[in-house]
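Undergrad: mind looking at a prediction? Sequence and model below.
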Amino acid sequence: MTTGDQTFRRLQSLARSTAAKQRTAAPTQELLTRHLLESFLHRLTLTPHQGDFILKGGIAPDMTTLVDWVCRWWTARPWLLIPSR
């Protein structure tokens with residue numbers, strides 16, 4: 001199983017768990033989209049171009065706030081970033 005498959009399975013499991021608690025449909029696509037955006041923005045903070053981009057808009061106001069916070073948090077702690085190979 002690839003890393004992508006493992007990530008998808010974890011997100012799917014989280015979505016099913018959330019759905020069971022809330023008695024709703026599993027939000028797998030929503031979690032997958034959120035993971036994709038957060039991963040992209042995290043990788044962007046690792047490049048020399050991080051200051052050239054402005055995050056504008058988002059999926060929903062609370063998600064935009066979260067993504068903004070994650071970017072600021074990682075940017076303020078460069079010593080925690082794992083160097084690319």
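TA: Arrived safely, thanks for sending.

Undergrad: so for Leu32, what's the nearest residue that isn't a sequence neighbour?
TA: Sequence neighbours aside, Leu11 is the residue nearest to Leu32 in space, at 5.6 Å (criterion: C-beta to C-beta, 6 or more residues apart in numbering). Yep, even glycine has a C-beta here, placed from its N, CA and C like the rest.

Undergrad: can you count the residues close to that neighbour?
TA: With neighbours defined by other C-beta atoms under 10 Å, the count for Leu11 comes to 21.

Undergrad: surely it is in contact with His35?
TA: Yes. At 5.9 Å, Leu11 counts as touching His35 under the criterion of C-beta atoms under 8 Å.

Undergrad: counting contacts, what elements does the longest helix seen in the chain pack onto?
TA: The residue-count maximum for a helix in the chain (DSSP state H) belongs to helix 3-22. Applying 3 or more C-beta pairs under 8 Å, 6 or more residues apart in numbering; DSSP states H and E, we find helix 3-22 packed against helix 28-45.

Undergrad: quick one: the residue nearest to Leu32 from Ile54, how far?
TA: Separation of Leu11 from Ile54 (C-beta to C-beta, to the nearest Å): 28 Å.
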